[in-house]
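**Student:** Quick one: sequence plus predicted model below, questions after.
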Amino acid sequence: MKTKPQSRRIDVNLPLVPTSGLTRRRFLAGTGVILTSPAFLAACGTSLAAQPDQRAPLTTRVKFRLIDAQTDQTTPAMVCVTNATSHEVRLPPEGRVCATTSKVQEFVTGVKFNPDPNWIGPVRKMLGKGDNQDRSYVYQERPSIPYWSEPVIYQTSGNFHIDLPAGRWKIMASHGMEYIPVTEEFEVNGSGEREKTLRLERWINLPAKGWWSGDVHVHHPSSAPEQREYLLQYAFAEDVHVVNLLKMGHHTGTQFPQAGFGRKFRVQRGNFALVSGQEDPRSTFGHIIGLNLEAMVRDTGTYDFYDVTFRGIHAQKEALVGFAHFAWNGCDLPRGFPWYVTTGELDFIELLQFGMVNHSDYADYLNLGFRLTAAAGSDIPWGSTMGEVRTYVHTGEKFGVDDWFRNLKAGHTFVSNGPALEFTVDGELPGTELLRPAGARVRIHARATGQARIGLPSVLRLQGPNGVMKEVTNPNHEAQLSLELEHTVESSQWLLASVVCHNQALAHTTPVYVVVNSQPTWNRQLGPGIIDKQLAAIRKMESEFAQGTDPRSAGIRERLTNARKFYANLLDKMSH
C-alpha cells in the first residue's frame, strides 16, 4: 500500500501517473586527447543560495512553487526566467544577470548538491551554436530540446525565489517530456514580494503503459554523496527514471570517477535510479558504452582491440555493449563500426542524439541481418541536459532496474525527444522475433501521440527492408496519428515505425523481426551493395596499418581480416 505522496525532495515513492579542462576534441578524432578548456565563469554557473532575509534594493521577491498536478505536491523542475522584452536571463535567487553558461569543466569537477531550496543547478545552454564547452557543436542551430524555446535551462527545487527589478518577466518551466511545459509572463513593480504557483500537467503517462525512460549516456562523478544527491534531484526534475553514469576513458587515463560498479553501488529512490557504466574504449575507431557493469573493463595494452573489451563486458551478468554517437556519424563513424558489428557483440546503438536520428545507416545494418536495439543518450555535459533524448524501455507497470536492462537488451524500446510511439506486429513489441510461414499475414499497428507544446506528429512512417511501406500525414494537426495494416510476409524481414513532429521532435522504434522458414532478416537485393560499403571502410583502415610491425598494428590487421571473412561469407550466403 503506497503512502501519501510527498514533495520529491523528501520522498520520491510517487504513484505512477582545480583539474584540467576537458573537451572531446570537437568529437572528431575521438582520440581521448585532453585539451585545456576556457576558464569557467562563475557568473552563470551553479547558484549559491542567498540569505533569505536579504533582498536586493529596487526589486520584487517572486516566490515560485512548481506543482506536479498529478500528485498536487511540489516537484523539482527545470526553469528559465527572462525579461519578456529584452530576453535577458536572470538567475535565482538574487536575480543576477546570466553572463555565460556553465562549461564542461564544472561537470568534470563534479557538482555538489546544496539542500537550500533556492540553490539551482548548472545553467545549460539550449540555443545557438555551441563551442563544445557550453554545448556540442553538433547541434548547429537546432534547439537542444525541440519544445524548449528559452536560451538556457537549470534545475530548481520547485520551491524557490528570485529578486527581479520592475518590469515584465517570463518564466518557462518543464518537468520532462511527459509533462506540458508552462510559460507565463508577469509584471513586478520593484518592491515587496509576490507568490506564483505553476502547475505542471501530464499530457501522457508512459509508466502507466509500461514504458520507463532512461538516458544511456550521462557523464558526472558520483564519488561524493553530494554528487549523487545532485544527480538524483536532476533526474527528478527531468523525470528520467534510469540514469546511466559513464566513467569515461582514453588511452592515458579516465574522467568522471564513480563511487563503484554493480548493484551495491546503485542509487535508487522510488522509481528513479543511478547506475554506473563506462564509455571506454574511446579511440579513432569509435566510442563504446558498457551498461549495468559489475566492474569497468579496461586494458591499455589491448586498448584498440575492442572485441577484448566486448567480451569482458559480456562476461558480466546482464551487462550490455553499445556503440555511441551512431546518430550523427560521430567520432569517425563508420570507421570502426563495420569491423565491430561483425563480432556479434553489440547490443545497442545510440540511434538518437543531439536531435538527430541516423535511420539510413541503421537500415543498412538491419538489411545485413544484424539486430541492434535503438537507444538514446544525451552525452551531457556535451549534451545540454539529462534526458533531452530518451530511451523508453517496456518493462510493465512495475519499475525495476534489472528489468529495464533486460528489456533494453531484448530490444523492447523506442527513442524520443518528444512524442510517444506505439508499435506492434501481431500485438508484439519492438525487439520481438516472430516466426511465420511464407504467405502469412501479420497485423501492424503504429500510433504516434504528441501535444501542442511538445510537438504534434506530422508524419508517421512504417519502414521495412526496402524503405517506407506506408506513411500517414496530419493535415488537421491532431494529437494522434495512427496506422493499421495487414501485411503479407513472403520472406524474413524487419519492420519498424518512426514519427517526425511539426517542430522536428521525433521518435523511432527498434524493429520487430519477422522470420520466415528460419531465414535471416537480411535483404538479398540491397545486401551486396551495403557489404561493398563496409569493405571500403575496412580497406581504408587496412591501408593505415599495412606497414606497421608493432603488436597493435598486427592485432588490428588480424581483426580486419576476420571482418573481411565475415562479409565474404555473408555475401556468399546471400547469393544462394
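**Tutor:** Now that the structure is in, tell me what you want to look at.
**Student:** okay but Val389 is in contact with Leu351, surely?
**Tutor:** No - when contacts are counted by CB atoms under 8 Å, Val389 is not listed as touching Leu351 (9.3 Å). Backbone N, C-alpha and C define where each C-beta goes, glycine included.
**Student:** Which residues are in contact with each of those two?
**Tutor:** By CB atoms under 8 Å, 6 or more residues apart in numbering, Val389 and Leu351 have these common neighbours: 376, 415.
**Student:** Neighbouring strands of the longest strand along the chain in the sheet, and parallel or not?
**Tutor:** Counting residues, the longest strand in the chain under DSSP state E turns out to be strand 272-283. In the sheet containing strand 272-283, its partner strands are strand 242-250 (parallel), strand 267-269 (antiparallel), strand 286-291 (antiparallel), by DSSP bridges.
**Student:** Tally up the residues packed near Ile120, please.
**Tutor:** 23 (other CB atoms under 10 Å).
**Student:** any idea how far Lys112 is from it?
**Tutor:** Ile120 sits 13 Å away from Lys112, going by CB to CB, to the nearest Å.
**Student:** Pro122 now?
**Tutor:** 11 Å.
**Student:** Which pLDDT value belongs to the residue lying closest to Ala237 once chain neighbours are set aside?
**Tutor:** Among residues not flanking Ala237 along the chain, Pro76 sits closest, at 3.9 Å (CB to CB, 6 or more residues apart in numbering). As predicted, Pro76 sits at a pLDDT of 98.
**Student:** List the backbone torsions phi and psi for Pro76.
**Tutor:** phi -60, psi 140 (degrees, to the nearest 10).
**Student:** how many neighbours does it have?
**Tutor:** Around Pro76 there are 27 residues (other CB under 10 Å).
**Student:** Hmm, it is touching Phe160, no?
**Tutor:** No - Pro76 lies out of contact with Phe160 (CB under 8 Å); the separation is 10.1 Å.
**Student:** centroid residue for the chain?
**Tutor:** Gly377 (2.3 Å; CA atoms, centre = their mean).
**Student:** who touches the nearest residue to that residue once chain neighbours are set aside in this structure?
**Tutor:** In space, not counting the residues next to it along the chain, Gly377 is nearest to His217; the distance is 2.5 Å by CB to CB, 6+ apart. By CB under 8 Å, 6+ apart, the residues touching His217 are 244, 246, 279, 289, 324, 350, 353, 377-380, 383.
**Student:** In a strand, His217, correct?
**Tutor:** Yes - counting by DSSP: H, G, I helix; E, B strand; the rest coil, His217 is located in a strand.
**Student:** Next one: it from Trp382, what distance?
**Tutor:** For His217 relative to Trp382 (CB to CB), the value is 9 Å.
**Student:** Confirm that Ala237 lies within a helix, as I assumed.
**Tutor:** Yes - Ala237: assigned to a helix according to three-state DSSP.
**Student:** number of nearby residues for it?
**Tutor:** 29.
**Student:** show me the contacts for it.
**Tutor:** 75-78, 121, 155-156, 158, 175-176 are the contacts of Ala237 under CB under 8 Å, 6+ apart.
**Student:** Tell me which stretches of the stretch 251-400 of the chain form helices.
**Tutor:** Secondary structure of the stretch 251-400 of the chain (DSSP state H, counting those that start in this stretch): helices at 306-314, 337-340, 359-366.
**Student:** just the stretch 1-150 of the chain next, same as before
**Tutor:** Using DSSP H, counting those that start in this stretch, the helices of the stretch 1-150 of the chain run over 104-109.
**Student:** Most neighbours of all the contacts of His217, which one?
**Tutor:** Most neighbours among these, by other CB under 10 Å: Gly377, with 34 neighbours.
**Student:** Can you give me the distance of that one to Ala505?
**Tutor:** To Ala505, Gly377 is 17 Å away according to CB to CB.
**Student:** ok so, going back, could the contacts of His217 be laid out in CSV, adding pLDDT and distance to Ile454?
**Tutor:** Formatted as CSV, the contacts of His217 follow (pLDDT from 0 to 100; distance: CB to CB, whole Å):
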residue, pLDDT, distance to Ile454
Asn244, 98, 24
Leu246, 98, 27
Glu279, 98, 29
Ile289, 98, 27
Ala324, 95, 26
Glu350, 97, 22
Gln353, 97, 19
Gly377, 98, 20
Ser378, 98, 17
Asp379, 98, 22
Ile380, 98, 20
Gly383, 97, 19
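**Student:** closest to Leu408 among the residues you listed?
**Tutor:** Asn244 (10.0 Å; CB to CB).
**Student:** Contact partners for that closest one?
**Tutor:** Neighbouring residues of Asn244 by CB under 8 Å, 6+ apart: 214-218, 275-277, 289, 291, 377.
**Student:** how long is stretch 90-98 from one end to the other?
**Tutor:** Start and end residues of stretch 90-98 are separated by 6 Å (CA to CA, to the nearest Å).
**Student:** Please apply the same query to stretch 84-99.
**Tutor:** Stretch 84-99 has an end-to-end distance of 17 Å (criterion: CA to CA).
**Student:** what is the rounded mean pLDDT of it?
**Tutor:** Mean predicted confidence for stretch 84-99 is 96.
**Student:** Mind listing what's buried along that stretch?
**Tutor:** Neighbour counts over stretch 84-99 (16 or more other CB atoms under 10 Å) mark 89-96, 98 as buried.
**Student:** Can you give the contact residues for that stretch?
**Tutor:** 41, 43-44, 47, 49-50, 56, 59, 79-83, 118, 120, 123, 150-152, 154, 156, 160-165, 167-170, 185.
**Student:** Can you give me the neighbour number for the closest residue to Thr183 other than its chain neighbours?
**Tutor:** Spatial nearest neighbour of Thr183, chain neighbours left out: Met172 (4.7 Å); criterion: CB to CB, 6+ apart. Using other CB under 10 Å, Met172 is surrounded by 19 other residues.
**Student:** Helix or strand: which one has Met172?
**Tutor:** strand 167-174 (DSSP states H and E).
**Student:** Pass me the low-pLDDT residue ranges in this protein, would you?
**Tutor:** 1-53, 330-334 (pLDDT under 70).
**Student:** So which bits of the biggest helix by length in the chain are buried?
**Tutor:** Ranked by number of residues, the top helix in the chain under DSSP state H is helix 551-574. Neighbour counts over helix 551-574 (16+ other CB under 10 Å) mark 555-556, 559-560, 563-564, 566-567, 570, 574 as buried.
**Student:** ok, back up a step: tell me the phi and psi of the residue nearest to the centre of the chain?
**Tutor:** Per-residue torsions, Gly377: phi -140, psi 140 (degrees, to the nearest 10).
**Student:** Tyr230 too?
**Tutor:** For Tyr230, the backbone dihedrals are phi -60, psi -50 (criterion: degrees, to the nearest 10).
**Student:** No more questions from me, cheers.
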